[in-house]
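Novice: Got a predicted model here, sequence first, then my questions.
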Amino acid sequence: MKTNHTDPILLSIPESFESERLLIRAPLWGDGAAVNEAVRESVEELRPWMPWAEQIPTVQESEAQIRHSRLEFLERKDFRLILIQKETGQLVGNSGLHRIDWQARKFEIGYWVRSSFGKQGYITEAVDAITNFAIQELQANRIEIRCDARNTQSARVAERLGFTLEGILRQEKCDRDGSLRDTMVFSKVRGVEFV
């Protein structure tokens, strides 16, 4: 597929979409308190995999992060996405499309789930919807999921959704304690896993 070199700021991109149980939307000012509550509830489960979870943020810090994420969404630099349970309005977790390469139309999906919503299929459901969003709305050519090689739950999400394990980057990132860790790289590419 030929790449399109339109300035991304000119793209009309929906701010929200839905899956069966979730409203998946761009961050909005005021989301900081709900995100902070979810991070505080889940910090022990997030800490091994998410460097940003090392320090528990204040509500103000979470709100500042949300506002920066909102601006990055509008600038088309990064697409943080808030996952909201449609039935209750509760924040389930965060996901998004990161490390965007507009020329190649390459996106990386990241995700975390609030502890009280874990192991209920919400992240698989969200990642499936976000993958389809990237393909249909953003004309993605390549979608990646990267995770610590020890993070079997994260890897299972990629496997369940038909992402291909391309390889393991050995000693690619520093862990919390400074030791090197391996990173699994999964992908879906146009013409192979989707058209």
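Specialist: Thanks, I have it.

Novice: Run the chain-centre distance for stretch 19-26.
Specialist: In terms of Cα atoms, centre = their mean, to the nearest Å, the centre of stretch 19-26 is found 13 Å from the chain centre.

Novice: can you list contacts of stretch 111-121?
Specialist: 38, 41-42, 44-46, 49-50, 83, 85, 90-96, 122-123, 126-127, 154, 157 (Cβ atoms under 8 Å, 6 or more residues apart in numbering). Every residue, glycine included, has its C-beta placed from N, CA and C.

Novice: Report all helices and strands that the least confident helix or strand in the chain by mean pLDDT contacts.
Specialist: Here the helix or strand of the chain ranked lowest by mean pLDDT, DSSP states H and E is helix 32-46, holding a mean of 90. With contacts defined as 3 or more Cβ pairs under 8 Å, 6 or more residues apart in numbering; DSSP states H and E, the packing partners of helix 32-46 are helix 59-75, strand 91-101, strand 106-113.

Novice: and it with strand 106-113, angle?
Specialist: Helix 32-46 runs at 90 degrees relative to strand 106-113, counting by axes from the mean of the first three to the mean of the last three Cα atoms, to 10 degrees.

Novice: now helix 32-46 and strand 91-101, what's the angle there?
Specialist: Using the same axes, to 10 degrees: helix 32-46 against strand 91-101 is 80 degrees.

Novice: what's the angle from helix 32-46 to helix 59-75?
Specialist: Using the same axes, to 10 degrees, the direction of helix 32-46 lies 100 degrees away from that of helix 59-75.

Novice: Go through helix 32-46 and flag the buried ones.
Specialist: Residues 32, 34-36, 38-39, 42-43, 45-46 are the ones in helix 32-46 that count as buried (16 or more other Cβ atoms under 10 Å).

Novice: Next, format the helices and strands packed on helix 32-46 as JSON lines and append distance to Asp148, mean neighbour count and mean pLDDT.
Specialist: Listed next are these as JSON lines, based on distance: least, Cβ to Cβ, whole Å; neighbours: other Cβ atoms under 10 Å; pLDDT from 0 to 100:
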{"stretch": "helix 59-75", "distance to Asp148": "22", "mean neighbour count": "16", "mean pLDDT": "97"}
{"stretch": "strand 91-101", "distance to Asp148": "16", "mean neighbour count": "20", "mean pLDDT": "97"}
{"stretch": "strand 106-113", "distance to Asp148": "12", "mean neighbour count": "22", "mean pLDDT": "96"}
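
Novice: Relative to Val192, which of these is closest?
Specialist: With Cβ to Cβ as the criterion, Val192 lies closest to strand 106-113 of the helices and strands packed on helix 32-46, at 14.1 Å.

Novice: Run me through the strand neighbours of that closest one, direction for each.
Specialist: Partner strands for strand 106-113, per DSSP bridges, with pairing direction: strand 91-101 (antiparallel), strand 142-148 (parallel).

Novice: gap between that strand and the chain center?
Specialist: Taking Cα atoms, centre = their mean, one finds the center of strand 106-113 at 3 Å from the center of the full chain.
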